[in-house]
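J.: This is a predicted model, with the sequence first.
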Amino acid sequence: MNKLSFFILLISSIYTSYGQEKDSKMKFSIDHYAINVTDLDRSVNFYQSIFGIEEIYDGTEKDHIKWFRLGKHQELHIISVKNLELTIPKGVHIALTTADVSLFIRHLNTLDIPYYDWPGKKNAVSIRPDRIEQIYIQDPDGYWIEINDGEKRYN
């Protein structure tokens with residue numbers, strides 16, 4: 001085998017190995033979303049009453065941190081901090097999907113939680129270009145949460 005053929009074979013095998021490794025190891029999904037809050041009990045109450053999330057074992061075992069199941073394999077970590085100064089634009093948000101935004105809006109109305117469309121109109125719904133309905137709410141510390149009906153894409 002000449003040097004050029006050997007070099008091409010070597011490069012090809014490295015590329016193939018890298019491609020296989022990349023395909024098997026370089027896949028990502030959301031593991032958890034962590035937020036800092038000023039009042040742990042207030043935030044836990046907010047997220048549990050709005051989304052009905054289940055508290056799970058907190059691997060840190062620290063009193064100022066709570067972990068919650070948020071989806072099949074995702075978690076929300078709520079971390080109490082002493083000083084928190086947040087100004088969070090709506091473009092920085094977590095997006096949660098549900099099958100029925102209207103049902104969720106009725107739930108928000110019973111809890112007297114305001115919601116907004118993307119431009120900021122209170123108690124209004126936005127329709128994205130892909131025809132997905134979306135609303136936005138804010139938690140007690142100012143974090144924006146998008147709720148959309150994108151789940152219908154998967155059904």
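T.: That came through fine.

J.: Could you measure from Gly52 over to Leu86?
T.: Using CB to CB, to the nearest Å, Gly52 is found at 25 Å from Leu86. For glycine as for every other residue, the C-beta is placed from the backbone atoms N, C-alpha and C.

J.: The two: which is more packed in?
T.: Ranked by neighbour count (other CB atoms under 10 Å), Gly52 and Leu86 place Leu86 first, with 11 against 8.

J.: helix/strand/coil for the more buried one?
T.: Under DSSP: H, G, I helix; E, B strand; the rest coil, the three-state class of Leu86 is coil.

J.: now the chain, which segments are flagged as low pLDDT?
T.: Counting by pLDDT under 70, the ranges of the chain that qualify are 1-24, 152-155.

J.: go again using 50 as the cut-off
T.: Low-confidence segments of the chain, defined by pLDDT under 50: 1-11, 15-17.

J.: For the residue nearest the centre of the chain, give me its contacts.
T.: Per CA atoms, centre = their mean, the C-alpha nearest to the average position across the chain is that of Ile94, at 4.2 Å. If a contact means CB atoms under 8 Å, 6 or more residues apart in numbering, then Ile94 has Tyr33, Tyr143, Trp144, Ile145, Glu146 as its contacts.
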